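Colleague: sharing a model that was predicted from the sequence below.
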Amino acid sequence: MTITEIVAKKLRLFSRRRVVNILDGNYDSIFKGKGLEFNSLRNYIQGDEVKDIDWRATARSKDVQTRLYSPLRDHRIVVVADTSPSMLISGYSSLNKRDALFGLTTVLGFFVKKNRDLLAICAAKPDGTAVISKFSNSSNHLEQLLRTLDDSIQKTPPQNSLSIEVLLKHILKNLRHRAAIFIVSDSFQDPLMLKNILKKLQIKHQIYYLQLAPSSPFSQSSVEQMALVDIENNNSWQNELTTNAALKREWGEMLRTYLSNIAAICKSTGTSYGYVDSAEQVPDEIRKLFIQAKRYAKRH
């Protein structure tokens, strides 16, 4: 299937589900706070912030007047995409990680176009360098982002692939404008490093972490019929390892511990956390991410 066919398929899938209408109302949670541009005045309502009272207008009208502001526009949204070789390997639930990544990017593409915001991606180039794409919201731009992601996943040699840690450090150093950052990854090598990076990013940006089901030799698909190879050297795996019951239990426990640690780190840093083991779950999981962001915003 060509990238053009993939794009068309994703656009039909999420348009048919009316994702924009389902999630509409939660979109404002991407950024904390309110607009800065004055819009109008209205009578004070209990619960309004005292600092928004316009005392001169109140003196003229003899009714307490509150200033209203226009919502911010031109929000910048960045998808930090894990495009390492593991993204070509199905998750333990048979998740197609590339489809999940394309799905998230497509949904956000619909949002930025409707709300006049701007979307970009941060991913590895085939030559091993990290890049933040330009910001835009057109349909052509969305297709170009998907093509870039596909090239990064398909054409980057294993020795040139960049970990999600490296991409996040690139964001810290090079992204100057405040943004909503969606991190999409199937694994993070050093959870402690992740916590430190999230803390630094939260100072300026609003962070969303979408965890994809990690890969496993014990996939729900029929591993006995699969040709398993090491992604670094292309050497064949010993298939008997994938049928070892004790190893399967230990692997499952390791995955549960890892996922629990990542979720706890995100909660402790105020980062919205989502998990998908099926590409079809992406729209609902984005809605949950927005709801979490609203709750975190109320606490601060």
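Modeller: Everything's here; your move. Residues are numbered from 1 along each chain as shown.

Colleague: quick one, strands of the stretch 201-300 of the chain?
Modeller: Taking DSSP state E, counting those that start in this stretch, the strands of the stretch 201-300 of the chain run over residues 206-212, 272-276.

Colleague: what angle do the longest one and strand 272-276 make?
Modeller: What that stands for is strand 206-212. Here the directions of strand 206-212 and strand 272-276 differ by 20 degrees (axes from the mean of the first three to the mean of the last three C-alpha atoms, to 10 degrees).

Colleague: name the strands paired with strand 206-212 and say parallel or antiparallel.
Modeller: Applying DSSP bridges, strand 206-212 is found paired with strand 180-185 (parallel), strand 272-276 (parallel).

Colleague: rounded mean pLDDT for it, please.
Modeller: Mean pLDDT, strand 206-212: 94.

Colleague: return it as CSV; C-alpha atoms alone will do.
Modeller: This file holds the C-alpha atoms of strand 206-212, laid out as CSV (Å, rounded to 0.1, in the frame of the first residue of the first chain):
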residue,chain,number,x,y,z
GLN,A,206,1.8,21.2,27.7
ILE,A,207,2.7,17.5,27.3
TYR,A,208,0.7,14.5,26.2
TYR,A,209,2.2,11.0,26.2
LEU,A,210,0.6,8.2,24.1
GLN,A,211,2.0,4.8,24.9
LEU,A,212,1.8,2.2,22.2
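
Colleague: now it: how far from the chain's centre is it?
Modeller: From the chain centre to the centre of strand 206-212 is a distance of 5 Å (C-alpha atoms, centre = their mean, to the nearest Å).

Colleague: can I get the helix or strand where Ile153 lies as PDB, trimmed to CA atoms?
Modeller: Assigned by DSSP states H and E, Ile153 belongs to helix 139-155. This file holds the C-alpha atoms of helix 139-155, laid out as PDB (Å, rounded to 0.1, in the frame of the first residue of the first chain):
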ATOM      1  CA  SER A 139      -4.300  19.200   3.800                       C
ATOM      2  CA  ASN A 140      -1.100  19.100   1.700                       C
ATOM      3  CA  HIS A 141       0.900  19.800   4.800                       C
ATOM      4  CA  LEU A 142      -0.800  16.900   6.600                       C
ATOM      5  CA  GLU A 143       0.000  14.500   3.700                       C
ATOM      6  CA  GLN A 144       3.600  15.700   3.700                       C
ATOM      7  CA  LEU A 145       3.900  15.000   7.500                       C
ATOM      8  CA  LEU A 146       2.600  11.500   6.900                       C
ATOM      9  CA  ARG A 147       5.000  10.900   4.100                       C
ATOM     10  CA  THR A 148       7.900  12.200   6.300                       C
ATOM     11  CA  LEU A 149       6.900   9.800   9.100                       C
ATOM     12  CA  ASP A 150       6.700   6.900   6.600                       C
ATOM     13  CA  ASP A 151      10.100   7.700   5.200                       C
ATOM     14  CA  SER A 152      11.600   7.900   8.700                       C
ATOM     15  CA  ILE A 153      10.200   4.500   9.700                       C
ATOM     16  CA  GLN A 154      10.800   2.700   6.400                       C
ATOM     17  CA  LYS A 155      14.100   4.200   5.200                       C
END
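
Colleague: I appreciate the help and will end here.
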